[in-house]
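Undergrad: sequence? don't have it. structure:
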C-alpha cells in the first residue's frame, strides 16, 4: 500500500491537451466504475433477487457463506497481491470469478446441484478481495490529490447504477412469467455477458506510470510497504481499541442482506416484482449515501459535531425503519407465508407498504455504511493507516455476512432474524459515538499523522459506501 506522501510523487511532466485522453485519471476512474458496474453491480442485482433468483434459497445461502468466508481473508490480503500483479492481472482475475458465479446458477437452474454454486461462491470471495483491493489502490493513486472526492463520487455513481440496471434485467426478462418460481436462463446469461464485458474492460486499466494528470504529472515509482510490515500492522488492529469499537458496526453492515433479500423481497413478492424492487433498492442507495454524506461534510464547522449529528440521524432513521420492518414481519413467518405473492401491477394498495419498506432498507444500508466509512476516515489522514482500517472493516463485515447467510439456511425464525439485525445496528451507534468523542478531533491536523485538508479528506470518505 502506497504511503500518503508518495501519492503526489512525480518523475516527469508531459504535455496534455484534454482531460478526456485515454490515459487521463478521469477516463481511467470512469473505466474502473464501468468494471464495477458490470461485475459487483450485477452481482448486487442478482443477490437482491432473493435466493439468487431461485425459489429455494439454500444453494444461494451456502454459496454466499463460502463467498464471504474467503472474502474475509482476501479482503485483507488483496492489497499485497495487487502490489505483485499490477492492476490488469489483479482486476481481470477478480472479475472472471463473477462470471463463474453467475454461470453456476445457470447450471443450478437445470441440474439443482449445489456443489458448483458453493465452489463458485468461494472463488468469488477470492476474486472480490482482489477486485476491491485494486479499486482502492486506483482511487488512491490515479486522481490528483485535490480532486479525490470528486473522482470517487464519480466512481460510486457509475458503480451503483449497475445495481439499478441489473434490477431491470430480471424485471424485463421475466415480466410475463407472473407465476414462475425461478428466473429463466436468459436472466443468468445476460448477467454473465455483463460480467464478461467487465472482465475485458479491466484490461484497459493502465498502471500508474502510464496515467498522466491534467497538470502533466505522472504517478510512478510508488513505494509500497513490505509484506512483513503489513502482517505485523494488521495483527495489531485486533488489539486496537478504535477498531474494537467499530466491530459491531462492521459485523452488522452486511449482516442484514440475507434477511432483506431472501425473506422480504424473496418471500413477499413474485418474480418480476423482485426485479422491479431492486431497481429502487439500489437507486435508494445513491440517494441515501448522498444525503448522509452532505450532513457529515457540511452541516457544521466542527467535524466532531457533524459526526455526532450524522450518527444520531442514522440511529433515529434506522430505528424507525426497523420498527416498520417489525410491523411487517408480524404478518408472516416461514410456517405462515402469504398465499399470493405481491405484484407491483396487480396487488394494488397491498403492494405499497412492503415496497416502501424494502426501498427504506436500501436507503438505510447506504446511510449506515457511508456513516461508518466517514468515522473510519476521520481517525487518520495517512493512506497506509486508513487502508489497514478499511481492510479490517471489510474483513469483519464479510465474516458477519458469512454467518448471516448460514443463519438463513438453518431457517432461523424470521422474527428472530429481524430482532438480531435491529439489535446489532442499535448497539453500534453508541459505540461509534464514543469513538468519535474519544478519537476524532476538530482541527485539520490528523489524529495519527499527515497533512491532508479536512474538507478534501471528509469529502473522500463520505462518498464511500457497500457491498458487495
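TA: Looks like it arrived, so ask away. Everything quoted here is computed from the prediction, not taken from an experiment.
Undergrad: CA only for contacts and neighbour counts going forward, please
TA: Will do.
Undergrad: check contacts around residue 275.
TA: Residues in contact with residue 275 (Cα atoms under 8 Å, 6 or more residues apart in numbering) are 45, 48, 49, 167, 168, 169, 170, 171.
Undergrad: which parts of the strand or helix carrying it are buried?
TA: The secondary structure element spanning residue 275 is helix 271-298 (assigned by DSSP states H and E). Residues of helix 271-298 classed as buried by neighbour count (16 or more other Cα atoms under 10 Å): 271-286, 288-290, 292-297.
Undergrad: who are the packing partners of the helix or strand hosting residue 406?
TA: Assigned by DSSP H and E, residue 406 belongs to helix 383-409. Contacts defined by 3 or more Cα pairs under 8 Å, 6 or more residues apart in numbering; DSSP states H and E place helix 383-409 against helix 58-111, helix 227-237, helix 241-252, helix 257-258, helix 349-377.
Undergrad: check the offset of it from the chain's centre.
TA: Offset of helix 383-409 from its chain centre (Cα atoms, centre = their mean, to the nearest Å): 11 Å.
Undergrad: could you point out which element follows that helix?
TA: Toward the C-terminal end, the helix or strand that comes next after helix 383-409 (DSSP H and E) is helix 414-439.
Undergrad: which strands or helices does that next one pack on?
TA: The contact analysis (3+ Cα pairs under 8 Å, 6+ apart) places helix 414-439 against helix 241-252, helix 303-329.
Undergrad: out of the helices and strands in the chain, which is least certain?
TA: helix 454-462 (a mean of 42; mean pLDDT, DSSP states H and E).
Undergrad: please pick the buried ones from the contacts of residue 275.
TA: When neighbours are counted using 16+ other Cα under 10 Å, those contain these buried positions: 45, 48, 49, 167, 168, 169, 170, 171.
Undergrad: looking at stretch 329-341 now, give me its mean pLDDT.
TA: Averaging pLDDT along stretch 329-341 gives 88.
Undergrad: make 554 the starting number, not 1.
TA: Got it, first residue is 554 now, which makes that one stretch 882-894.
Undergrad: buried ones in it, by neighbour count?
TA: Neighbour-count burial for stretch 882-894, counted by 16+ other Cα under 10 Å, picks out 882, 894.
Undergrad: straight-line length of that stretch, end to end?
TA: End-to-end distance of stretch 882-894: 15 Å, with Cα to Cα, to the nearest Å as the criterion.
Undergrad: for that stretch, which outside residues touch it?
TA: Stretch 882-894 is contacted by residues 820, 821, 822, 823, 964, 966, 967, 968, 971 when judged by Cα under 8 Å, 6+ apart.
Undergrad: 6 Å - rerun?
TA: Stretch 882-894 is contacted by residues 821, 822, 823 when judged by Cα atoms under 6 Å, 6 or more residues apart in numbering.
Undergrad: enumerate every residue touching the first one.
TA: Remark: with contacts taken as Cα under 6 Å, 6+ apart, residue 821 is in contact with 894, 895.
Undergrad: chain neighbours aside, what residue packs nearest to residue 763?
TA: In space, and not counting its chain neighbours, residue 763 is closest to residue 576: 6.6 Å by Cα to Cα, 6 or more residues apart in numbering.
Undergrad: residue 612 now?
TA: Closest residue in space to residue 612, ignoring its immediate chain neighbours: residue 667 at 5.4 Å, by Cα to Cα, 6+ apart.
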